[in-house]
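Q: From the sequence below, what's the structure:
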Amino acid sequence: HPPGATLPFVWLERVGLGGPTSAAVLVVLVGGLSVVAVPVTLRALDGKRAARVVVPFLVVFPGAAIAGVSADWLFAGVGSSGVALLALGAVRLRTDRSVASALMCLASGVVLGWCLFLSYGMAAFALVPLTVVLLARSPRAVVLAGVGAAVVVAAFAFAGFWWLDGYHLVVRRYYQDVGRTRPDDYWAWADLAALVLSTGPAVAAGLRRVVVRATAEPRARTFDRRVVVPALVCAAALVVVAADASGLSKAETERIWLPFAVWLAASAALLPARHQRWWLACQVVVALVVRHLLWVQW
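A: Numbers count the residues shown, from 1 in each chain. Below you'll find the predicted structure:
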């Protein structure tokens, strides 16, 4: 991992809160921001209905069963919070162009820039905030967020860490070690199977409706509320496909998908209202089954 992944735990140690308990509390609290940030993003771009539908599905998200023991849950909270800030700022910039809106976009860039230094895999996550900017139709937000991210990159470079050098060295080390022995053809599918278990059946049903919605209006001339959820979910799905195809996620199992899986959960907004309670119950059952009947290392 880049240094941003370890710095929060170093800071905990230095203020006298070292140890696994404090680390787990930090991961759970920061990761829990995604339960708020994803609906906030949907509310800014799509309205209250979609946001309200998604909230309970994020609360009983099966992947949360491993939240306290995986820093990827912390990555999910930071990434989703950056996207929510960007959505709020970008939407406001279209109307008032106030200093507060600009600062919100700038802050989102700082948060998303920090994501680059949490995990190398979070570089692909950039597709999600780019989709938000396209949906909000706010080029100014891209510039401001880019400035914020550049500040973070420059700060780490000044401290002696250049992201590209770290990435190339990690890839080299990976293929010198476990990456050389883990079979590509098996893990290309096994990683996706782990993703299915950590997201639950409601997301699978929601993804089907995303495909139907995306193909029903393939030539939409402008981004409107009908395409917000499909666009965000498709962006997250493309990130997963890219990470899986890269071969760098072999055998990292269900935990690595948490930063992207919370956005796949947004597909629940497309489920029929009369079926949502049943799908919610299915999510709870799957979460309990996965937790109690499957042996996992996390």
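
Q: For the nearest residue to Ser98 once chain neighbours are set aside, give its distance to Val83.
A: Leaving aside its chain neighbours, Ser98 sits nearest to Arg92 (7.1 Å; criterion: C-beta to C-beta, 6 or more residues apart in numbering). Every C-beta, even on glycine, is put in place using the N, C-alpha and C of the backbone. Distance check for Arg92 against Val83: by C-beta to C-beta, to the nearest Å, it reads 15 Å.

Q: And those two? Which one has more around it.
A: Remark: of Arg92 and Val83, Val83 carries more neighbours, 27 against 20, as counted by other C-beta atoms under 10 Å.

Q: So which elements touch the host helix or strand of the more buried one?
A: In this assignment (DSSP states H and E), Val83 forms part of helix 71-93. In terms of contacts (3 or more C-beta pairs under 8 Å, 6 or more residues apart in numbering; DSSP states H and E), helix 71-93 is packed against helix 20-31, helix 33-46, helix 99-115, helix 127-136, helix 139-159, helix 258-264.

Q: Need the ones you listed in a markdown table (columns: mean neighbour count).
A: Supplementary listing: the helices and strands packed on helix 71-93 in a markdown table, determined by neighbours: other C-beta atoms under 10 Å:
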| stretch | mean neighbour count |
| --- | --- |
| helix 20-31 | 16 |
| helix 33-46 | 23 |
| helix 99-115 | 21 |
| helix 127-136 | 22 |
| helix 139-159 | 17 |
| helix 258-264 | 27 |
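
Q: who wins for proximity to Leu207 among these?
A: Closest approach to Leu207 among the helices and strands packed on helix 71-93 is made by helix 258-264 (7.0 Å; C-beta to C-beta).

Q: if we can go back for a sec, how close does the residue nearest to Ser98 get to Leu135?
A: If you measure Arg92 against Leu135 using C-beta to C-beta, the figure is 14 Å.

Q: what residues are up against Phe250?
A: Quick fix: residue 250 reads Lys, not Phe. By C-beta atoms under 8 Å, 6 or more residues apart in numbering, the contact list for Lys250 reads 178-179, 182-184, 187-188, 191.

Q: could you redo the last one with a cut-off of 7 Å?
A: Neighbour list for Lys250: 179, 182, 184, 187 [criterion: C-beta atoms under 7 Å, 6 or more residues apart in numbering].

Q: same check, this time on Glu254
A: 63, 66, 194-195, 197-198 are the contacts of Glu254 under C-beta under 7 Å, 6+ apart.

Q: rerun at 10 Å
A: The contact partners of Glu254, taken as C-beta atoms under 10 Å, 6 or more residues apart in numbering, are 62-63, 65-66, 70, 72, 191, 193-199, 261, 290, 294, 296, 298.

Q: just Ala154 next, same as before
A: So Ala154 contacts Gly113 (C-beta under 10 Å, 6+ apart).

Q: what does Ala237 give?
A: Applying C-beta under 10 Å, 6+ apart, we find Ala237 in contact with 127, 195, 207, 210-211, 260, 263-264, 267.

Q: Mind putting the helices and strands packed on helix 71-93 into TSV with distance to Val240 and mean pLDDT?
A: TSV is the format used below for the helices and strands packed on helix 71-93 (distance: least, C-beta to C-beta, whole Å; pLDDT from 0 to 100):
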stretch	distance to Val240	mean pLDDT
helix 20-31	18	90
helix 33-46	16	93
helix 99-115	16	92
helix 127-136	10	92
helix 139-159	22	93
helix 258-264	5	91
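
Q: Mind putting those into TSV with distance to Thr6?
A: Shown next, in TSV, are the helices and strands packed on helix 71-93 (distance: least, C-beta to C-beta, whole Å):
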stretch	distance to Thr6
helix 20-31	11
helix 33-46	20
helix 99-115	13
helix 127-136	24
helix 139-159	13
helix 258-264	17
